[in-house]
Every structure is written in structure tokens, then in C-alpha cells.
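A.B. asks: just to be clear, the model below is a prediction. Sequence and coordinates:
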Amino acid sequence: MLKKELRIRKQKEFDNIFKKGAYFSERFLALKTVENDLEISRFGFIVSNKISKKAVERNRIKRLLRETIRLRWNEIKPGFDVVFIFRGKEVKKSFDDVDIVVENLLKRSGLVVKKE
């Protein structure tokens, strides 16, 4: 579970990201990101009712995304607000599928700290 201070929760914050953020997409997942004035990066997750009418399935996808970010926390640059948007038709994604796509999106968006 991501800590509360690492999550984007207010509609105003989501609106700001969608208005000013850079967009990256791969397979079943999209990412919007914008710099914030904080020393940490914060994350939000969107899974629409159009994906599944069942809250159980939507929440499972969000849990997979949160866990992927939690495990990669020390690789991510601080100072960004990031929103992941699930766009897939199939909700039965494995953790490995989600992890690979999240990793690729983070690299493409420049949010991964280079290890030396």
C-alpha cells in the first residue's frame, strides 16, 4: 500500500495534471505526468467504469499498479505528480504484465533515476 502522502487524491490535483501534463501510452496503460513543487513524487490511478462495472475488478487493477510503484519507489525521480490510466479491454492482467508496462512507461517518461 502506498502511503497517503504519496497519493494524489483531490480532483483539483487530477485536473491540473490532465491540463498541464505530458502524456505517454503503451499497450493497456497510459501515464500523465507533471512536475510538482514537492520533494516527493505522488501517484494517482484511474480505472473507469467502462473497463468493468465490477468494483472488485477495478480495485484489483489499482492494487496491482500501486504495488508495482511501491516496489520501484527508490528508482523513481522525486518531484513529479503521476497519473496512471488503465485503458485495456481485459481486466485479468497478471502482475508481471502490469510491471513490465509500468517500467517501460516510467523509462519513456524520464521518471527513472539512472543507476551508476
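C.D. replies: All right, it came through fine.
A.B. asks: contacts, neighbours, all on C-alpha from now
C.D. replies: OK.
A.B. asks: centroid residue for this structure?
C.D. replies: Closest residue to the average C-alpha location of the chain: residue 84 at 3.2 Å, with C-alpha atoms, centre = their mean.
A.B. asks: next one: that residue, what pLDDT does it get?
C.D. replies: We have a pLDDT of 97 for residue 84.
A.B. asks: shouldn't it be in contact with residue 31?
C.D. replies: Yes. Residue 84 lies in contact with residue 31 (C-alpha atoms under 8 Å); the separation is 4.6 Å.
A.B. asks: on that earlier part again, sticking with the residue nearest to the centre of the chain, tell me its helix or strand.
C.D. replies: Using DSSP states H and E, residue 84 falls within strand 80-86.
A.B. asks: what does that strand rub up against?
C.D. replies: Contacts to strand 80-86, defined as C-alpha atoms under 8 Å, 6 or more residues apart in numbering, come from residues 8, 14, 17, 28-36, 38, 40-48.
A.B. asks: what about residue 45, distance to residue 51?
C.D. replies: Counting by C-alpha to C-alpha, to the nearest Å, the separation of residue 45 from residue 51 is 13 Å.
A.B. asks: name the residue in those two with the higher neighbour count.
C.D. replies: Taking neighbours as other C-alpha atoms under 10 Å, residue 45 and residue 51 compare with residue 45 leading, 21 against 15.
A.B. asks: who does the more buried one form a beta bridge with?
C.D. replies: residue 84 (DSSP bridges).
A.B. asks: and the end-to-end length of stretch 88-102?
C.D. replies: Length of stretch 88-102, first residue to last, C-alpha to C-alpha: 14 Å.
A.B. asks: average pLDDT for stretch 14-26?
C.D. replies: Here the average pLDDT along stretch 14-26 is 96.
A.B. asks: again with stretch 32-43
C.D. replies: 94.
A.B. asks: this completes my enquiry, with thanks.
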